[in-house]
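Colleague: predicted coordinates and the sequence they were generated for:
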Amino acid sequence: MNKKIPMRQCIGCGEMKNKREMMRVLKTAENEIILDITGRKNGRGAYLCKSKECLEKARKCKGLDRSFKMSIPEQVYENLQKEFDGIE
């Protein structure tokens, strides 16, 4: 029996990829936007490829704003950028 691989779409490039290869960006109940490294936290998730290009694309075309149906402050993208740098 083949196990189905969960696929998610990157909010930057729009490509479908294996969920495990991606970063999960999370909107918590308190409307905080954080990077969910475990992928297990509660909240609304959006996925990004593990590349700065995709983060930049998401920033330019407001991918997170659309995913979370709210406007995302610039500060959030900067925090994500910092967390991204910490992972690489």
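Modeller: On my side now, so go ahead.

Colleague: state the distance from K27 to D65.
Modeller: Distance, K27 to D65, using CB to CB, to the nearest Å: 11 Å. For every residue, glycine as well, the C-beta is placed using N, CA and C.

Colleague: do the same with A58
Modeller: With distances taken as CB to CB, A58 is found 9 Å from D65.

Colleague: so which of these two has more stuff around it?
Modeller: Set side by side, A58 and D65 show more neighbours around A58, with 26 against 14, by other CB atoms under 10 Å.

Colleague: quick one on the thing from earlier: who touches both of K27 and D65?
Modeller: The contact sets of K27 and D65 do not overlap (CB atoms under 8 Å, 6 or more residues apart in numbering).

Colleague: and the closest residue to I72 other than its chain neighbours, helix, strand or coil?
Modeller: Counting by CB to CB, 6 or more residues apart in numbering, I72 lies nearest to L64, which is 4.6 Å off, once chain neighbours are set aside. With DSSP: H, G, I helix; E, B strand; the rest coil as the basis, L64 sits in helix.

Colleague: ok, now which ones touch L64?
Modeller: Applying CB under 8 Å, 6+ apart to L64 gives the contacts I11, V25, I33, A46, A58, I72, V76, Y77.

Colleague: report the buried members of these.
Modeller: I11, V25, I33, A46, A58, I72, V76, Y77 (16 or more other CB atoms under 10 Å).
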